[in-house]
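**Student:** here is my input, please return the structure:
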Amino acid sequence: MKILLHQCCGPCSIYPIEILLENGFDVTTYFYNPNIHPMHELYKRLNGAIDVSRYYNLKCLVSNEYGLTVFLNSEFLDSRKRCSFCYDIRIKNVAKYAAEKGYDCFSSSLLYSKYQNHEEIIKICEKYSKKYNVGFYYYDFREGWKTGIEKSKSMEIYRQQYCGCIFSETDRYDKQLSNQLINRIESDNSVEAV
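**Tutor:** Okay, the predicted model is just below:
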């Protein structure tokens, strides 16, 4: 059975790939992530995804769309809706591509992360499975969270520090960087916060 696996990144796709191969799937990976910013972060993750696919001797499809314009012109600008938009745009793209190219089904490495909204991802996958008349293969890849982390470290695959969008980068670093700046201001009387 031919499956198209959406890769959000290399590390998150390791365990899903292993499970799919163990279950006899003919796996092709597909990297489409217009949410990832800045561009140098996108290319680090893309290289990691390619390295993982190559490690498992899989064909890796890569979208050549950076996606900044699509992402910034979207309704996601309400940051409370950003994750829903992000899941939707990526899953829609992978389901449509899978249907157009004759894959039996699709899945996503988004289902591996314990930090993502698992139930919402499933609902969106089911919606696009019906819309494009292509199967959606569900598996709770979160069970392999530790396995995937350890394997990505041993493979020396780039491991990102935030989900991908500019909002998640801010969530990840804001407090840390703000505290560093406050400490600098407090210790240097030539700097004053206004």
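
**Student:** this protein: helices as residue ranges?
**Tutor:** Taking DSSP state H, the helices of the chain run over residues 10-22, 39-55, 68-72, 82-100, 118-132, 145-154, 166-187.

**Student:** show residues contacting the third one.
**Tutor:** The contact list for helix 68-72, computed with C-beta atoms under 8 Å, 6 or more residues apart in numbering, reads 34, 35, 37, 39, 89, 165. (C-beta placed from N, C-alpha, C; glycine too.)

**Student:** which ChimeraX command selects the buried ones in those?
**Tutor:** ChimeraX command restricting the contacts of helix 68-72 to the buried ones, with burial defined by 16 or more other C-beta atoms under 10 Å:
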select :34,35,37,89,165
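
**Student:** which two of the contacts of helix 68-72 have the greatest separation?
**Tutor:** The most widely separated members of the contacts of helix 68-72, counting by C-beta to C-beta, are 39 and 89 (17.6 Å).

**Student:** nearest spatial neighbour of residue 44, chain-adjacent residues omitted?
**Tutor:** residue 158 (4.8 Å; C-beta to C-beta, 6 or more residues apart in numbering).

**Student:** surely the one you found and residue 40 touch.
**Tutor:** No: shown here, residue 158 and residue 40 do not form a contact pair, counting by C-beta atoms under 8 Å, at 11.2 Å.

**Student:** okay, those two: which has more neighbours?
**Tutor:** Just comparing residue 158 and residue 40: by other C-beta atoms under 10 Å the higher neighbour count belongs to residue 158, 17 against 8.

**Student:** distance of the more buried one from residue 61?
**Tutor:** 19 Å (C-beta to C-beta, to the nearest Å).

**Student:** next: residue 143.
**Tutor:** Distance from residue 143 to residue 61, counting by C-beta to C-beta: 26 Å.

**Student:** those two: which has the busier surroundings?
**Tutor:** residue 61 (18 against 12).

**Student:** returning to what we had before: quick one: closest of the helices of the chain to residue 4.
**Tutor:** Residue 4 lies closest, by C-beta to C-beta, to one member of the helices of the chain: helix 82-100, at 4.2 Å.

**Student:** how about low-confidence regions in this structure?
**Tutor:** 74-82, 161-194 (pLDDT under 70).

**Student:** make it 80
**Tutor:** Applying pLDDT under 80 to the chain picks out residues 35-39, 64-83, 158-194.

**Student:** relative to residue 31, how far out is residue 62?
**Tutor:** For residue 62, the distance to residue 31 (C-beta to C-beta) stands at 5 Å.

**Student:** what count of nearby residues applies to residue 24?
**Tutor:** Residue 24 has 8 nearby residues by other C-beta under 10 Å.
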